[in-house]
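Enquirer: after the sequence you'll find the predicted model.
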Amino acid sequence: MYKLRARHSITFLSFFLIISSRGQESWIDTSPHSGLSELRTDFSFKTLVSNNSVKSITGTLKRLNEAKQYFDEIFNTDLDFAVLFVENEKWGKHAYFPPPGLPQAIHGNVILGLDKSVLSITVEETIDRLPEQHQAMLKPVYGDDINLDLFYRDILSIHELAHLYHFKEGTKPQRKWLQELFATMSMYSFVKEKSKNAYNLMNTYPEFVLNSGNRMAEHKTLKDFEEKYVQNLSPQNYEWFQMQFYQHARSIIDSGDRHILERLHNFLINTDLDRTARLSDEELSLRLKKEVSTSVSDILDTWMYR
Ligand SMILES: [Zn+2]
């Protein structure tokens with residue numbers, strides 16, 4: 001009887017192991033993968049490409065793998081995800097939303113461009129028309145031709161990867177600005193600590209945008225950002241917000257609070273709207289102060305536009 005019961009428990013246990021390992025696999029949405037070919041790499045995550053002109057992706061992949069190791073250690077996990085490299089022409093078929101070539105991460109997939117991103121093309125054209133002195137800070141970092149995908153693809157892919165670490169546990173954060181701050185703080189911390197030779201690639205373009213002021217931003221309040229987000233802000237206005245978050249992320253990480261990323265990660269998960277009610281700004285500020293840091297609640301309390 002006892003033996004029989006033991007055997008039953010083992011069967012029961014293995015049933016759950018199978019279920020839970022299936023559960024882990026199902027986190028990655030494989031529907032965008034169809035029609036892509038798998039690239040053999042030394043890394044634990046799956047890499048898929050939409051064509052074979054893959055010579056420019058080696059450095060990007062290597063840095064993503066280093067970022068994965070860094071984030072896995074901080075967030076105490078071994079995140080499973082897939083990286084897709086998709087050319088602009090096939091973007092609509094494999095990516096979740098436009099614009100072609102701009103990194104995005106959702107449902108366990110990091111989707112990156114194989115061609116120059118449409119955003120880089122547009123911004124590079126604008127920069128090309130500026131007087132030479134405005135280009136002077138960009139050329140030593142992004143090359144004489146100013147290749148902005150060194151920022152938009154190679155650096156932002158790390159920001160996107162960081163999003164997967166909270167999306168895995170909950171996809172409805174209390175505020176969009178908080179999830180963007182988290183991804184940018186994670187990216188900044190990784191590059192600063194583990195990929196120092198990419199620091200200027202990460203920092204120079206934001207400096208350039210911040211120096212150019214507020215004239216591209218029609219909407220400037222955090223409420224605007226929540227309500228309009230990517231869909232209803234112009235690309236320049238959305239970027240203006242992201243650069244403000246970058247500035248805050250940089251000063252928070254530079255201040256040297258070693259466990260702030262874990263605390264913010266836990267906060268995003270514990271207060272996810274799937275399991276908690278929406279907090280008012282006052283409640284959010286109090287809880288951020290208590291559970292994360294005043295450096296984060298200060299962003300909400302002292303945002304310069306109301
Ligand atoms: Zn983001």
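Expert: Good, I have the coordinates.

Enquirer: what bridges to the closest residue to F167 other than its chain neighbours?
Expert: Of all residues not flanking F167 in the chain, I106 sits nearest, at 6.7 Å (Cβ to Cβ, 6 or more residues apart in numbering). Yep, even glycine has a C-beta here, placed from its N, CA and C like the rest. For I106, the beta-bridge partners under DSSP bridges are N109.

Enquirer: pretty sure I106 sits against A82.
Expert: No: the criterion here is Cβ atoms under 8 Å, and I106 misses it with A82 at 11.5 Å.

Enquirer: neighbour count: these two, which is higher?
Expert: Higher neighbour count among I106 and A82: A82, with 20 against 17, using other Cβ atoms under 10 Å.

Enquirer: quick one: contacts for that one?
Expert: Contacts for A82 were tallied using Cβ atoms under 8 Å, 6 or more residues apart in numbering; they are I28, T30, H33, F45, K46, T47, L48, G108, N109, V110.

Enquirer: export those residues to JSON lines and tack on neighbour count?
Expert: Output for these, formatted as JSON lines (neighbours: other Cβ atoms under 10 Å):
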{"residue": "I28", "neighbour count": "18"}
{"residue": "T30", "neighbour count": "14"}
{"residue": "H33", "neighbour count": "16"}
{"residue": "F45", "neighbour count": "18"}
{"residue": "K46", "neighbour count": "19"}
{"residue": "T47", "neighbour count": "22"}
{"residue": "L48", "neighbour count": "21"}
{"residue": "G108", "neighbour count": "21"}
{"residue": "N109", "neighbour count": "25"}
{"residue": "V110", "neighbour count": "23"}
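
Enquirer: returning to what we had before: ok, the residue nearest to F167 to the ion distance?
Expert: 10 Å (Cβ to the ion, to the nearest Å).

Enquirer: same question for S189.
Expert: From S189 to the ion the distance is 15 Å (Cβ to the ion).

Enquirer: okay, and that residue sits in which element?
Expert: In the assignment (DSSP states H and E), S189 maps to helix 176-194.

Enquirer: and what of Y165?
Expert: Under the assignment here (DSSP H and E), Y165 is part of helix 156-167.

Enquirer: now that helix: how far from the chain's centre is it?
Expert: 3 Å (Cα atoms, centre = their mean, to the nearest Å).

Enquirer: now stretch 92-108: buried residues?
Expert: H94, A95, P99, P100, G101, L102, P103, Q104, A105, I106, H107, G108 (16 or more other Cβ atoms under 10 Å).

Enquirer: about what we covered before: narrow the contacts of A82 to those in strands?
Expert: K46, T47, L48, N109, V110 (DSSP state E).

Enquirer: what sits against H265?
Expert: By Cβ under 8 Å, 6+ apart, the neighbours of H265 are I74, F75, Y165, H166, F182.

Enquirer: among the residues you listed, name the buried ones.
Expert: Buried among the contacts of H265 by 16+ other Cβ under 10 Å: I74, F75, Y165, H166, F182.

Enquirer: hey, where'd the helices end up in the stretch 1-150 of the chain?
Expert: Along the stretch 1-150 of the chain, counting by DSSP state H, counting those that start in this stretch, helices occupy 2-25, 58-75, 91-94, 118-128, 132-135, 139-142, 149-152.

Enquirer: then the third one to PDB, C-alphas only?
Expert: Think helix 91-94. What follows is helix 91-94, C-alpha atoms only, in PDB (Å, rounded to 0.1, in the frame of the first residue of the first chain):
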ATOM      1  CA  TRP A  91       9.000  43.400 -40.200                       C
ATOM      2  CA  GLY A  92       5.200  43.400 -40.500                       C
ATOM      3  CA  LYS A  93       5.200  39.600 -40.700                       C
ATOM      4  CA  HIS A  94       7.300  38.900 -37.600                       C
END
